[in-house]
Structure formats: structure tokens, C-alpha cells
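A.B. asks: heads up, no residue letters with this:
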């Protein structure tokens, strides 16, 4: 790794950790940075998953107050096990996929995530109104299944998993964005942690790149959690969506 690649990865790690803590989608920055540093698509994916785990720790620490309370703990008790199961399924799917298939499907997964994230506020308002009118409880079977599927996707391909998770949790949970974001940060740590442990033993992790990205992601994660409580949600949503669409288009055209 030369100096330019190191600077690219360091900057990408800080930004990715901050964006992941703020709204999700940080891998839309760090994954292209790894590609730009010369890593093949599959190696970049698993290296990215391992390297960003410290960033989730930093972001989670910044959301300590938003995770307090019996209601939040009850949500985590229901969502954590399905996240672990989903992550395991994603690891198995990744090992069964060819490099060519993986490279072809990535841009479309990113575009889907961005579309869902962009329309999430409108859908959330309608579902919350319906849930309130019908007296429905939070986190019904469909919501738990969606979290399991998102975790499987996140273990298969980390980029934009946080975007999908934040959107699906926003549909299922009637709470403010900061508290939903805190739940998302915990579940991302669980999902990525499970996947990272598996990848250490069965996938081509590039440890030099991890050594650069990981501490930078930790710094960025702590900063992003604090900023997310001050920056308007609309601005965060727009920034992540634009970034995701841009990366997807670049991948489709190259």
C-alpha cells in the first residue's frame, strides 16, 4: 500500500464511520475506497465488513442515552436473535456465490437500498397511522422477518445495509429517528460482528487495509453519532441517498 492509498482508506474510514453512526450507508464510502486502493470486489467486501466493526462501537457509545429505557431493551431482545441468524445466512450465501455474480448484483442492491431509504418517511407516516388506528403492536412477525433478511443482506454485502435497516426499522417502530438510529447501530454491530468473525476464518480479509480503516472508522463513528443528533434528518437522508446512487452508477458503468 502506498501513501496515496493509505490516505484514501484513512479518509474513507473516518467518513464511513461517521455516516454509519449518523444514518447508515457508510460502506457506500469505504467500499469504493477499498476498490480504489486496488482490492478485488470480494476481498474489498469482506475487508470492509471486518474493518468497520470498530466504527459501530464508536457510534453505539454516542447513542447510549437513546438506548435507555425498558421499551428499547425489549426491542433489542426481540431483534438481536434474528439479526444473528440472518447474518449467518448471509455468510453462507456469500461463500456460495461466484465473484462474477457478486460483482454484477452489487449496484442493484445499492439502488434498491437508496430508493427504500428515500421514500421511508412517507411510508412510515402511513404505516404508523394504520398501526395506531388498528391497535397493532410494534415488531410483528413481518418486521422481524425483514430484520433477518436485512442482516442476511448485510453479511452478504455490507454496503447500504444500514440504510435498509434504518428504513425497515422506521416502518416498524413508532419512535423518533435518533432512538431508531440507536437500535440500528446496535443491530449493525451484531450483524457485522457475526459476519466479521466468520470472515476472519473463511474469507480473504486484507489485514493491512483493516489496520488503516478500523481505527479511522472508530473515530468517525463517535463523531457521527454526535453529529446525527444535531443535523436535520432530511439533510442526512439526502446526503446518503445521493452518495449511494452515485456509487451504484459508477459501478454499473465500469
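C.D. replies: Sure, I can see it. Worth saying up front: this structure is predicted, and the values here are computed from it rather than measured.

A.B. asks: Report the next helix or strand after the lowest-mean-pLDDT helix or strand in the chain in sequence order.
C.D. replies: Considering only helices and strands, the least confidently modelled element of the chain by mean pLDDT, DSSP states H and E is helix 99-134, at a mean of 71. Downstream of helix 99-134, the first helix or strand assigned by DSSP states H and E is helix 141-156.

A.B. asks: Can you tell me what sits against that next one?
C.D. replies: Helix 141-156 is touched from outside by 49, 78-79, 82-91, 93-94, 97, 109, 161-162, 164-165, 168-169, 171-172, 187-188, 190-192, 194-195, 198, with contacts defined as Cβ atoms under 8 Å, 6 or more residues apart in numbering. Every residue, glycine included, has its C-beta placed from N, CA and C.

A.B. asks: let's see it at 7 Å
C.D. replies: The contact list for helix 141-156, computed with Cβ atoms under 7 Å, 6 or more residues apart in numbering, reads 78-79, 82-83, 85-87, 89-91, 93-94, 161, 164-165, 168, 172, 191-192, 194-195.

A.B. asks: and if you look at stretch 77-85?
C.D. replies: When contacts are defined by Cβ under 7 Å, 6+ apart, stretch 77-85 is touched by residues 139, 144, 147, 148, 151, 183, 187, 190, 191, 194.

A.B. asks: OK, contacts around residue 54?
C.D. replies: 214, 215, 217, 218.

A.B. asks: how near is the last one to residue 183?
C.D. replies: Taking Cβ to Cβ, to the nearest Å as the measure, residue 218 and residue 183 are separated by 20 Å.

A.B. asks: so where's the stretch 1-150 of the chain shaky on pLDDT?
C.D. replies: Along the stretch 1-150 of the chain, the parts satisfying pLDDT under 70 run over 22-24, 59, 117, 120-121, 123-137.

A.B. asks: Next, the contact list for the most centrally placed residue in the chain, please.
C.D. replies: Taking Cα atoms, centre = their mean, the centroid of the chain lies closest to residue 162, which sits 2.5 Å from it. The neighbourhood of residue 162, defined by Cβ under 7 Å, 6+ apart, consists of 20, 24, 25, 26, 184, 188.

A.B. asks: The third one reaches residue 163, doesn't it?
C.D. replies: Yes: assessed by Cβ atoms under 7 Å, residue 25 is found in contact with residue 163 at 4.4 Å.

A.B. asks: ok, these two, which is more surrounded?
C.D. replies: Using other Cβ atoms under 10 Å, the more surrounded residue of residue 25 and residue 163 is residue 163, with 33 against 29.

A.B. asks: if I look at the more buried one, how far off is residue 111?
C.D. replies: 11 Å.

A.B. asks: now residue 10
C.D. replies: From residue 10 across to residue 111, the span is 28 Å (Cβ to Cβ).

A.B. asks: Check residue 34 too.
C.D. replies: Using Cβ to Cβ, one gets 20 Å for the distance from residue 34 to residue 111.

A.B. asks: So for these two, which sits in the more crowded spot?
C.D. replies: Using other Cβ under 10 Å as the criterion, residue 34 and residue 111 rank with residue 34 on top: 26 against 18.
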